[in-house]
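Asker: sequence-free structure coming up:
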């Protein structure tokens, strides 16, 4: 793993679940964590805040650990900070997404404790009743033997009104040579840099992308200095933190899911989603642009690829304003207390040849597999139950 490699897991007393059930836990990168393992995948989920990481995909010929662990452990930074930052790692659910008046940033789901409901060889179920939204959220992780994939779903009940939300995967490319990782997504119909100053100059923070600039290709995105930059190559633009939003094209018979992918040396990490659940994708390009605590310009080569229903990261109040309605872009969703909402995602990895390059497409290959094609025209087929994304 890229961060905390010298921090071996420490055994803890098993966590208690209902009916006396117990599940072994470990302290990993300073956080008590639930664990799940198959021959193909090992994962950990923090008990506090429910952050997924580290994850190791045991691919043919290599071990891939793409998810970020922060350059600090929970007890190494100011304890007055929200748990979101204290435990920051990998992927987590944000409900709401961004700030709010009556709770922590990204919600209790990204900050508060998660209780064990059940655990088996291949599945882990956690739950939380949030004090900020009043929702009860169930978090399910499933691993399938023979597959290098994580099936995650969040089941939301008891929530009323319009809310924004999102999943928040953060990858660590700090050990990848500059520009060597290749980023790609399925087709998008709207691309924009964050409308304001995502990085606050008054706090010494640095962003280089032009605020509010719209673009049609990730290879040509406007910068503040009048030039353009290629966001498909990373790490890049050292000393900056920036944010963009892409709005995905609707699903079709040929492309029933949307995807995001990063080609690392030797493998591809990719995520799949239903556009109806997550209409947009945020890129958080975090490469040392924040000098304040706890960042201290050491959060390097990190890449957030966040699947959201939100107006950028502007919080629930802005999301409810429906600022992109004229473009037909939803930024919040109506929830009803007597209904259950299911938000599924799939995150996976696949070994690829050295010259595979940027992913050009990820499409179904029958009902239980996907075909990933790189820029050199070569393809790999992975067993993935992509229909998991459909309700």
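Answerer: Ah, there it is. This is a predicted model, so every value here is computed, not measured. Numbering: from 1, shown residues only.
Asker: now the helices for this structure?
Answerer: 83-86, 316-319 (DSSP state H).
Asker: can you tell me what sits against the last one?
Answerer: Counting contacts by CB atoms under 8 Å, 6 or more residues apart in numbering, the residues outside helix 316-319 that touch it are 96-101, 162-164, 310-311, 331-332. Where C-beta positions appear, they are placed from N, C-alpha and C, glycine not excepted.
Asker: and those residues, which is closest to residue 287?
Answerer: Using CB to CB, the shortest approach to residue 287 within these belongs to residue 98, at 21.1 Å.
Asker: ok, now which ones touch the nearest residue to the closest one once chain neighbours are set aside?
Answerer: Excluding the flanking residues, the one nearest residue 98 by CB to CB, 6 or more residues apart in numbering is residue 315, at 3.7 Å. Residue 315 is in contact with 96, 97, 98, 99, 100, 164, counting by CB under 8 Å, 6+ apart.
Asker: and residue 286, by the same measure?
Answerer: Per CB under 8 Å, 6+ apart, neighbours of residue 286: 170, 241, 299, 300, 302, 303, 304.
Asker: tabulate the helices of the chain (JSON lines), appending distance to residue 190 and mean neighbour count.
Answerer: What follows is the helices of the chain, written out as JSON lines (distance: least, CB to CB, whole Å; neighbours: other CB atoms under 10 Å):
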{"stretch": "helix 83-86", "distance to residue 190": "28", "mean neighbour count": "21"}
{"stretch": "helix 316-319", "distance to residue 190": "16", "mean neighbour count": "22"}
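Asker: and residue 265, which of those helices is closest to it?
Answerer: Here helix 83-86 is closest among the helices of the chain (CB to CB), at 29.5 Å.
Asker: show residues contacting that closest one.
Answerer: 48-49, 70, 74, 77, 79, 92, 104-106, 110-112, 294.
Asker: ok, 6 Å please
Answerer: Applying CB atoms under 6 Å, 6 or more residues apart in numbering, the external contacts of helix 83-86 come out as 48, 49, 74, 105, 106, 110, 111.
Asker: most neighbours among these, which one is it?
Answerer: residue 49 (28 neighbours; other CB atoms under 10 Å).
Asker: and the contacts of helix 83-86, which of them are in strands?
Answerer: With DSSP state E as the criterion, strands contain none of these.
Asker: and stretch 225-238, what's buried?
Answerer: For stretch 225-238, the neighbour count (16 or more other CB atoms under 10 Å) marks 228, 229, 231, 232, 233, 234, 235, 236, 237 as buried.
Asker: among those residues, which lie within strands?
Answerer: Going by DSSP E, the strands hold 228, 229, 233, 234 from the buried residues of stretch 225-238.
Asker: who's the last one bridged to?
Answerer: Under DSSP bridges, the beta-bridge partners of residue 234 are residue 181.
Asker: that one against residue 182, yeah?
Answerer: No: the pair residue 234 / residue 182 is not scored as a contact, 8.0 Å apart, by CB atoms under 6 Å.
Asker: thinking again about what came up before, and the two most separated of the contacts of residue 315?
Answerer: So, these by CB to CB: farthest apart are 99 and 164, at 10.7 Å.
Asker: compare the two (neighbour count), which wins?
Answerer: residue 164 (28 against 16).
Asker: the more buried one: what's it in contact with?
Answerer: So residue 164 contacts 96, 97, 309, 310, 316, 319, 332 (CB under 6 Å, 6+ apart).
Asker: that one and residue 391: what is the separation?
Answerer: Separation of residue 164 from residue 391 (CB to CB, to the nearest Å) stands at 20 Å.
Asker: repeat for residue 321
Answerer: Taken as CB to CB, the span from residue 321 to residue 391 is 28 Å.
Asker: so what's the residue count around the nearest residue to residue 375 once chain neighbours are set aside?
Answerer: Once flanking residues are discounted, residue 375 sits nearest to residue 357: 3.7 Å by CB to CB, 6+ apart. Using other CB under 10 Å, residue 357 has 16 other residues around it.
Asker: other residues contacting the longest strand along the chain?
Answerer: Looking across the chain with DSSP E, the single longest strand is strand 341-351. Outside strand 341-351, the residues within contact range by CB under 6 Å, 6+ apart are 57, 59-60, 64, 148-156, 167, 267-273, 277, 380, 382, 388-389, 391.
Asker: list the strands paired with it, with their directions.
Answerer: With DSSP bridges as the test, strand 341-351 pairs up with strand 149-157 (antiparallel), strand 267-273 (antiparallel).
Asker: for those, could you give me CSV that also reports mean pLDDT?
Answerer: Formatted as CSV, these follow (pLDDT from 0 to 100):
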stretch, mean pLDDT
strand 149-157, 98
strand 267-273, 98
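Asker: return the residues in contact with residue 211.
Answerer: 193, 195, 196.
Asker: of the residues you listed, which is the nearest to residue 367?
Answerer: The closest of the contacts of residue 211 to residue 367 turns out to be residue 193 (CB to CB; 38.5 Å).
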